[in-house]
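> I would like to see how this sequence folds:
(2 chains)
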Amino acid sequence: MPTRTYCWALIDAIREEMERDPSVMLLGEDVAAAGGAFGGSRGLLDAFGPIRVRDTPISEEIIAGLGVGAAMTGLRPVVEIMFMDFFGLCLDQIFNQAAKTHYIYDGMFRMPLVVRTSTAVEMGIGPHHSQLLEAWVGHVPGLKVVMPATPRDAKGLMKAAIRDDNPVIFIEHLALHRMKEEFEDGEILIPLGQAAIRRPGRDVTIVATGLMVARALEAAETLSADGIEVEVIDPRTISPLDIDTILESVRRTNRALVVTSSLKPFGFGSEVSAEITEKAFFHLDAPVRRLTPPFTPMPFGKGFEAFLHPDATSIAAEVRSLLA
Amino acid sequence: MNPDPLDLWRRMMLIRQCEAQLNDAFAKNLFPGYIHSYLGQEACAVGVCAALEDSDWIVSTHRGRGHYLAKGMALKPMMAEMFGRATGICGGRGGEMHAADPTKGILGGNGIVGAGMPIAAGAALSAQVEGKGRVAVAFFGEGASNNGSFAETMNAAAAWSLPLLMVCENNLYAEMTPFADTSAAPDIAARATGYGLPGEIVDGNDVLAVTEAATRAVERARSGKGPTLLELKTYRWGGHFEGDPKAYRSREEEVEWMDRCPLRCLREVLLDGRADAATLDTIEAELTEEVAAAIRFALDSPEPEPSSALAKVFAA
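Down below sits the predicted model:
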C-alpha cells in the first residue's frame, strides 16, 4: 500500500471530489497559484483551472460569504481560512449565515460548504497563529466540526465533509502535515460523527483530539510497560460528538481523561467531562480529568509551547495520578 | 427590459398597502415583534426587480418585504411568515426579518446589517461558474456601506467581474443615526471608482429611472463585464422600526420627502395618457383588499407547533 502524508491525503481528497463532482470548487488566500500557504492545494489549479480554483483577496468575510452564497445556489465550495486564529474576521458568515440558513428557511436551502482551516499549535509562531478554537464552532447548532489526527482520516473525513449537505468546519493540524501513513488508494469515506478507538485498554479511557492522539498513544505505550492499559479514543468529529463510543469505553474502564491542545475553561474537555458525568456517573471510580495548556495566550516560540502543551510524559503522569 | 409602468405601479401599490396595513396591525397590538417598514422606498425594490428574471438571485435585508414582493414572493405565505405563523413561507421560524423563496430567486433577508452582500457575491459566483447569464443582486442600505463586508464584496466582485448588482438604498438614516453624522462623504456611489467598478446615483423615488439604471447594470453583468454599484437616493418614511420616536429628524423633512412619494410620482406619469384615475383607483382598492385578506389569513393561521423548533437543525 502507498504511503501518504497528512497534507497530500487532503490534496488527494479534494482532487478526487473535484473530479467526481463539477460543482466542487476551492477558494482561499494563496490556494491557487501558490498551491496553498502550506502546500495544501498543490496541483489543483493546474488540474481544474482558474474558474474552480481561485485565489481570493485577504478578506476573510467575503471568503466565507462567497462560500455561503455559492452553497445556497448549487455549488459545493471548499473555502479556506488560512488559520483558525483568523475566524474572528469571518465569524458572522459562519455562525449566523452558514450555520442557520437551512434552519431559518425551513429547509429550503442546503449548505454544502466546507470551511477548511488550520491550527498551528506547537509550530512556535506566536499568539495570533497558534490557537485551537474548536469549542467556538462546536457551540453553534447547524455546524459540523471535524479534526483529523491521521493521514487516512484526513482524506476520508475531507471527502465526507465535501459530500455533506451541511456546513463543515474542517480543522487541520499543521504540526501533522508531514505525518505519514500507509493506506489504500482511492475511495475512503469516514462518516462524520464517528469516533475511533485507537488503542483498546481496560484501566483508563483517554479521549484525545488532533495532535494529542499520537501523544496519548505514546503515553499508553509507556504505561503499558508498567501494566496500566489505556484505551485511547479519537473522536475525529468534534460536533456532532460520538459520545456513545466514549461512554461505552468509560463504562468498562471507569476512569476518563480528556487531552486537548485547546484550553480548559468552557472547552471540549469540559463538554466531554460533563457528558460522562451526566450519563455514566455511577460507572466512574474517580472524577473525569482534563489535561490542557494553562489558560493563557500562546507566546512565540517552541520553548514556551513545549512548556505549556501536554506531552507524553505529562499525559502519563496524569493517568498515574488518576489511578492513584 | 421594458416593463409596463402600470405593472410597476401595481407592484409598488402592493408593497405600499402591505406596509401601511402592517403598521395598522402593529398599532392595534396584533403584530408579534418589530416592524421594519419599507414605506417610501417602494420604487427601489420594484425598479430593480423589474430588470430581473425569476432565475436571477436577490439577497435582501432586515427591511425586506419590498424586495420579496417585487421579486414575486406570494403575498399570503409571506404575510403569514411576518406574523410567525405555521402557514408562513418558512413555517413561521424566520419571522419579520427572514423570508426566502428559491423558486423566485429570493435567497433570504437578514438580521445582520451588511451580511447579505458577501452572500450575494457567492450567488454571483455560482452564476459565473454556471455561465448561463444569471445575475445576483445585493440590496443593502447606506448604513451597511460602512460595514467591512461592503469593502470586501466590492473588491472581490470587481476583481473577478462577478455578475453582481450592488444596490444601495440610501434612505439617509443608518438605523437611528443620520448617515452624515458618521460619514464624511455623502455619496456612496463615489466609492465605486476606488474599487474599479462603475457607480451611479439614481433618484430612488423614480421607479422608471431605477428600472432604466438597473436594466443597464443587469445587461453589463449578463454580458460578463462585471458588477455595478447603484446608489438609490430615497427616504425611509418610518423609523428604523415602528415605534421609533424619530427624534433624530424633523417633521418638516419628512413632509418634504413625502411630497416626493414614489407612487404619486408614477401616478402623475400614468395619468398623462397611460391610464385613467378610475383604473388606478380600482387597482388600489383591489390591492387594499388583497393585503387585508392576507393579514386575515395570517391572523387566522395557527402558530407553529413549538416542538417543531427541534427539527431541521441539519439537512438530512
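> residues in contact with B:G66?
B:I15, B:E19, B:Y38, B:Q41, B:E42, B:C44, B:A45, B:V46 (CB atoms under 8 Å, 6 or more residues apart in numbering or on different chains). All C-beta atoms are positioned from the backbone trio N, CA, C, and that covers glycine.
> Any idea how many residues pack against residue 99?
Chain wasn't specified; assuming chain A. Neighbourhood size, A:A99 [other CB atoms under 10 Å in any protein chain shown]: 25.
> my question was about chain B
Using other CB under 10 Å, B:A99 has 27 other residues around it.
> That one against B:G92, yeah?
No - counting by CB atoms under 8 Å, B:G92 is not a contact partner of B:A99; they are 10.6 Å apart.
> Need the residues touching each of these two.
Contact criterion CB under 8 Å, 6+ apart; residues shared by B:A99 and B:G92: B:E81.
> if we can go back for a sec, now intersect the contacts of B:G66 with the helices, please.
Taking DSSP state H as the definition of helices, these contribute B:I15, B:E19, B:E42, B:C44, B:A45, B:V46.
> out of those residues, who's nearest chain A?
B:A45 (19.6 Å; CB to the nearest CB).
> Tell me the residues on the stretch 151-300 of chain A that lie near chain B, please.
The stretch 151-300 of chain A comes close to chain B at residues A:D165, A:N166, as judged by CB under 8 Å from any CB of the partner chain.
> any idea how far the closest residue to chain B within the stretch 151-300 of chain A is from B:L125?
Closest residue of the stretch 151-300 of chain A to chain B, CB to the nearest CB: A:D165 (4.1 Å). Distance, A:D165 to B:L125, by CB to CB, to the nearest Å: 19 Å.
> Equivalent analysis for B:C90, please.
25 Å.
> who has more neighbours, the two?
More crowded of B:C90 and B:L125, by other CB under 10 Å: B:L125, with 28 against 24.
> I figured the more buried one hits A:V68, correct?
No - assessed by CB under 8 Å, B:L125 is found out of contact with A:V68, at 10.7 Å.
> Three-state assignment for the residue most central in space within chain B, please.
What sits nearest the mean C-alpha location of chain B, by CA atoms, centre = their mean, is B:H67, with 3.3 Å. Using DSSP: H, G, I helix; E, B strand; the rest coil, the structure places B:H67 in helix.
> Not counting its own residues, what contacts stretch A:119-135?
With CB under 8 Å, 6+ apart as the test, stretch A:119-135 has contacts from A:83-85, A:87, A:145, A:147, A:169, A:171-175, A:209-211, A:238, A:260-262, A:266-268, A:271, A:297-302, A:305-306, A:309.
> From start to finish, how long is stretch A:128-144 in a straight line?
End-to-end distance for stretch A:128-144, by CA to CA, to the nearest Å: 24 Å.
> So which bits of it are buried?
A:129-138, A:140, A:142-144 (16 or more other CB atoms under 10 Å in any protein chain shown).
> ok, those residues vs chain B, which is closest?
A:G142 (5.6 Å).
> what residues are up against that closest one?
Counting by CB under 8 Å, 6+ apart, A:G142 touches A:A98, A:A99, A:K100, A:H102, A:Y103, A:M111, A:N166, A:P167, B:V313, B:F314.
> Secondary structure element holding the fourth one?
This points to A:H102. Taking DSSP states H and E as the definition, A:H102 sits inside helix A:101-104.
> Show me what that helix is packed against.
The contact analysis (3 or more CB pairs under 8 Å, 6 or more residues apart in numbering or on different chains; DSSP states H and E) places helix A:101-104 against no helix or strand.
> returning to that earlier point: okay if I get the buried residues of stretch A:128-144 as a markdown table plus secondary structure?
Formatted as a markdown table, those follow (three-state DSSP):
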| residue | secondary structure |
| --- | --- |
| A:H129 | coil |
| A:S130 | coil |
| A:Q131 | coil |
| A:L132 | coil |
| A:L133 | coil |
| A:E134 | helix |
| A:A135 | helix |
| A:W136 | helix |
| A:V137 | helix |
| A:G138 | helix |
| A:V140 | coil |
| A:G142 | coil |
| A:L143 | coil |
| A:K144 | strand |
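> before we move on, the earlier item: helix or strand next in line after the helix holding A:H102, which one?
Using DSSP H and E, the next helix or strand after helix A:101-104 towards the C-terminus is strand A:114-119.
> So what's the gap between that next one and the chain middle?
Mean C-alpha position of strand A:114-119 versus that of the full chain (CA atoms, centre = their mean, to the nearest Å) differs by 9 Å.
> Okay, now the sheet partners of it, with direction.
strand A:76-81 (parallel), strand A:168-173 (parallel) (DSSP bridges).
> Can you lay out these as a markdown table showing mean pLDDT?
Below are the strands paired with strand A:114-119 laid out as a markdown table (pLDDT from 0 to 100):
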| stretch | mean pLDDT |
| --- | --- |
| strand A:76-81 | 98 |
| strand A:168-173 | 98 |
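> May I see the buried residues of stretch B:108-118?
B:G108, B:G109, B:N110, B:I112, B:V113, B:G114, B:A115, B:G116, B:M117, B:P118.
> Can you give me every residue that contacts the fifth one?
Same thing as B:V113. B:V113 makes contact with B:T61, B:H62, B:F140, B:G141, B:G143, B:A144, B:N147, B:E175, according to CB under 8 Å, 6+ apart.
> Return the residues of the stretch 151-300 of chain B in contact with chain A.
Proximity of the stretch 151-300 of chain B to chain A is confined to B:A151, B:E152, B:T153, B:N155, B:A156, B:A159, B:W160 under the rule CB under 8 Å from any CB.
> which SSE is the fourth one in?
If you go by DSSP H and E, B:N155 is part of helix B:148-159.
> Could you tell me the angle between the helix or strand following that helix and helix B:148-159?
Per DSSP H and E, the first helix or strand lying C-terminal to helix B:148-159 is strand B:164-170. If you take axes from the mean of the first three to the mean of the last three CA atoms, to 10 degrees, strand B:164-170 sits at 140 degrees to helix B:148-159.
> now for the very next helix or strand once past strand B:164-170, which elements pack on it?
As assigned by DSSP H and E, the chain's next helix or strand after strand B:164-170 is strand B:173-174. Judged by 3+ CB pairs under 8 Å, 6+ apart, strand B:173-174 is in contact with no other helix or strand.
> Please parse chain A into its domains.
Following automatic domain parsing, one gets these domains for chain A: A:3-182, A:196-323.
> Contact residues of the stretch 1-150 of chain A facing chain B?
Within the stretch 1-150 of chain A, the positions near chain B by CB under 8 Å from any CB are A:25, A:51-52, A:54, A:56-57, A:59, A:61-62, A:64-75, A:77, A:92-93, A:96-97, A:101-111, A:141-142, A:144.
> Could you write me a PyMOL select line covering just the buried ones among these?
Those of these that count as buried under 16+ other CB under 10 Å are selected in PyMOL with:
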select buried, chain A and resi 25+52+54+56+59+61+62+64+65+66+67+68+69+70+71+72+73+75+77+92+93+96+97+101+102+103+104+105+106+107+108+109+110+111+142+144
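> Run through the helices of chain B in chain order.
Using DSSP H, helices in chain B cover B:5-27, B:42-49, B:65-71, B:75-82, B:116-130, B:148-159, B:179-182, B:192-195, B:207-222, B:251-258, B:262-271, B:277-300.
> ok, which stretches of chain A are helices?
Counting by DSSP H, chain A has helices at residues A:6-20, A:44-52, A:60-72, A:91, A:101-104, A:134-138, A:151-163, A:211-225, A:243-253, A:268-280, A:302-308, A:312-323.
> Now mean pLDDT and distance to B:K104 too, for the helices of chain B, in a markdown table please.
As requested, these are exported to a markdown table (pLDDT from 0 to 100; distance: least, CB to CB, whole Å):
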| stretch | mean pLDDT | distance to B:K104 |
| --- | --- | --- |
| helix B:5-27 | 97 | 13 |
| helix B:42-49 | 98 | 10 |
| helix B:65-71 | 98 | 5 |
| helix B:75-82 | 98 | 11 |
| helix B:116-130 | 98 | 13 |
| helix B:148-159 | 98 | 23 |
| helix B:179-182 | 94 | 31 |
| helix B:192-195 | 98 | 28 |
| helix B:207-222 | 98 | 16 |
| helix B:251-258 | 96 | 30 |
| helix B:262-271 | 96 | 22 |
| helix B:277-300 | 98 | 17 |
